[in-house]
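J.: Show me the folded form of this:
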Amino acid sequence: MAAVLTIAAVVLALSDQPRVQAAPVDLLTSSVVGTDGRTYTATNHLVREARPSRHHTPKEWLLAWAGDETPSGSAASATSTGAHHAAVGTTGDPDFLAVIDVTKGSPDYGKVVNTVTMSPVTGNEPHHLQYIWHKGQRLFAHGIFSDITYVLDASRLPQIKLVGINLSADTPCGSLPDASWVLDDGTAYVSYMGGPDVAGPCRYPNGEVRNGNGFGGTPGEVVRIGPDGRTLAEIPADRPEGDSTGTCGSKPQVTPATCANPHGIQVREDLDLMVVSDFAEARNYLDPTSEVVDPYLLRDTIRTFDIKNRNAPRLRSVSHLPEGPRVDQLPAFSEPRMVMENAVTHKRRHKGVFASTMAGGAIFYTPDITVKNPQWREIFDDTTAYRAFDTTGLLTGSNSGGSWLQVSLDDRFLFHAVMGSDPRQPRDINSGMLYVLDIQKLLAAGRDVRCKIDTVAEVSTGGVEPDCPALMGVVPLRDAVSPLVGVGPHWGAVDNFGPTPGRGGKLREQERIDRVATSNYFVGQSGIDGDHRVCLIDIARNGRPTLDSTFRDEYSDLPCVSFNRAQWPHGATGNARPHGVLFVVADADLH
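T.: This next block holds a predicted model:
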């Protein structure tokens, strides 16, 4: 797929925002031809420098992959078994990648300096980017409903170039691309949460066959995508015999039964291991007209793969998370339900992995992911973090919407975003949050971990064992005016960059994490939306988080950047929904 770059210039009209005049922008368009023969484009709307300087200052950028608030179409039907019933089209406002200046001390701190619009597909439902970016890597931006992955070059930020595209037809045995982990060679493993494009048997390139119930259903898969967008391998997420338990429901029922709906995906290349967490049969969960009654549609499984052969990962284990001590009237909200994310450690001496649940609102841990059958234990409940600021005692881990989970690169802290998505809670009480756990003692225990949340008291106060994680702080994040369920952060990213003293002012990658970003939006078609803000949270050396109140919206002058606005660099397209976020630096500014 050859990429083409064209350049033009345009000046936008007056903004619809009161007393705000739109800045002039330059248009830069790149394009690729997909395997379907169609041309796909990405157009930069680059705001011209308002404060020209004779000396270039290295910049740090936050990317936010966002969609229009009112995309055409609707979510995949819970009863659909055909090829493609996604909320996509070629009309309506475009989805875009927003480029935000997050350079400390910059006069444009918090300003959206570029929006990169995608065409011709709209209503992609922009989802995640990769978990972390390193110099030389491409960006992998997933459209969960369009079943498209856009591959982009960010080496010349704030300009971004489209260099590849992976279409639905390029991954016939899976749908709903969710998250990705980029390997050292520049390729990416991508979790495809949904089933094959067409219901029935699907034959993988390696000759294996799995029976699926269709787009957005079960079973999902893992796909290896090259830096040019090509599919290098489609990998079954389950064994031919399925998962040998009675806890793997699907609609229509898949035979043999399986819980394989991959969402979270992280890799330890030094251990030749990939860890995948199963979320839910998304087609049913995302249909707001269908009540999920069967808790077994919400997965409790973690999968590990041997990736010595990068194009042929081998499934090593399927583990079920254990039940916890919390008692809930609805089994769907017990601790192990909906394993949204897992988070690997990074240091060679550490082999532990964490997992978090969305409906269950708990964090689990296994000390050694390399063993044949990893054993998991609950080590923290979201309820404990809520007790740090909720004086009513109403907010708990039950259906809390636990989401983004990430270990700091120095293995000191665990960051966790929680949406606050329980509709049973009063609207004026419900809240999302970002909290930080100190995990040093837990990791230092090696295989001899004692921490375990196994009493009702520990649900609210934390584990009593000496190696249990310590809560370093909580930042409540909520919108008091939105009537929608899901008021806090769903996704996040760690800032892995810092200054290089005495080396020309360039930036460098670093292990210590001194701030994280969050995005407050889930999937509107599921009934869980958000307030559409992107926030920055400073992390002190002791792990204590505080909201960065200097990171302010350029229009409202309130903390966090709001995507509810009339005007963007690409035009007056109105409110947008930011999902995936990522810290990135131009190649020329990074050692």
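
J.: Show the contacting residues for the spatially most central residue of the chain.
T.: Closest residue to the average C-alpha location of the chain: H128 at 4.2 Å, with Cα atoms, centre = their mean. Taking Cβ atoms under 8 Å, 6 or more residues apart in numbering as the criterion, H128 is in contact with W65, H142, D178, A179, S180, W491, H579, G580. Backbone N, C-alpha and C define where each C-beta goes, glycine included.

J.: Buried members of these into ChimeraX, please.
T.: Selecting only the buried entries of the contacts of H128 in ChimeraX, with 16 or more other Cβ atoms under 10 Å as the criterion:
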select :65,142,178,179,180,491,579,580
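
J.: one step back: where's the residue nearest to the centre of the chain, which helix or strand?
T.: Element membership of H128, judged by DSSP states H and E, is empty: it is in no helix or strand.

J.: ok, now how distant is it from H263?
T.: 9 Å (Cβ to Cβ, to the nearest Å).

J.: so what sits against both of those two?
T.: D178, A179.

J.: Just the helices from the stretch 351-500 of the chain, written as ranges.
T.: 382-386, 440-444, 456-461 (DSSP state H, counting those that start in this stretch).

J.: my read: M419 touches W404, true?
T.: No. Counting by Cβ atoms under 8 Å, M419 stays clear of W404, with 9.7 Å between them.

J.: In terms of neighbours, single out the busier of these two.
T.: Using other Cβ atoms under 10 Å as the criterion, M419 and W404 rank with M419 on top: 31 against 28.

J.: low-confidence ranges in the chain?
T.: Applying pLDDT under 70 to the chain picks out residues 1-22, 50-55, 71-90, 286-293, 479-486, 501-504.

J.: Highest mean neighbour count across the helices of the stretch 351-500 of the chain, which stretch is it?
T.: Mean neighbour counts were compared across the helices of the stretch 351-500 of the chain using mean count of other Cβ atoms under 10 Å; the top stretch is helix 382-386, at a mean of 25.

J.: Packing partners of that helix?
T.: Packed against helix 382-386 by the contact rule (3 or more Cβ pairs under 8 Å, 6 or more residues apart in numbering; DSSP states H and E) you find strand 413-418, strand 432-438, helix 456-461, strand 470-477.

J.: Need the overlap of contacts for M419 and W404.
T.: By Cβ under 8 Å, 6+ apart, the residues touching both M419 and W404 are P489, H490.

J.: Run through the strands of the stretch 1-150 of the chain in chain order.
T.: For the stretch 1-150 of the chain, applying DSSP state E, counting those that start in this stretch gives strands covering 4-10, 25-33, 39-47, 61-68, 96-101, 112-119, 139-143, 148-153.

J.: CA atoms of stretch 240-259 as CSV?
T.: What follows is stretch 240-259, C-alpha atoms only, in CSV (Å, rounded to 0.1, in the frame of the first residue of the first chain):
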residue,chain,number,x,y,z
PRO,A,240,-10.3,-26.5,19.0
GLU,A,241,-12.1,-28.2,21.9
GLY,A,242,-13.1,-24.8,23.4
ASP,A,243,-13.0,-24.1,27.1
SER,A,244,-14.0,-27.1,29.1
THR,A,245,-16.3,-25.4,31.7
GLY,A,246,-19.9,-24.6,31.9
THR,A,247,-19.3,-20.8,32.3
CYS,A,248,-18.9,-19.8,28.7
GLY,A,249,-22.3,-18.7,27.4
SER,A,250,-23.0,-17.1,24.0
LYS,A,251,-26.0,-16.0,21.9
PRO,A,252,-26.5,-18.0,19.7
GLN,A,253,-24.6,-20.6,21.6
VAL,A,254,-21.2,-21.5,20.1
THR,A,255,-20.3,-25.2,20.1
PRO,A,256,-17.9,-26.1,21.5
ALA,A,257,-18.4,-23.4,24.2
THR,A,258,-15.7,-20.8,24.6
CYS,A,259,-15.0,-17.7,26.6
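
J.: Tell me which residues of that stretch come out buried.
T.: Buried-residue list, stretch 240-259, by 16+ other Cβ under 10 Å: G242, D243, T247, C248, G249, S250, K251, V254, P256, A257, T258, C259.

J.: Out of the strands of the stretch 1-150 of the chain, which is closest to N542?
T.: Closest to N542 of those is strand 61-68 (Cβ to Cβ; 24.3 Å).

J.: coming back round to it: can you add distance to T57 and give the helices and strands packed on helix 382-386 back as JSON lines?
T.: Compiled in JSON lines, those are given as follows (distance: least, Cβ to Cβ, whole Å):
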{"stretch": "strand 413-418", "distance to T57": "28"}
{"stretch": "strand 432-438", "distance to T57": "29"}
{"stretch": "helix 456-461", "distance to T57": "47"}
{"stretch": "strand 470-477", "distance to T57": "29"}
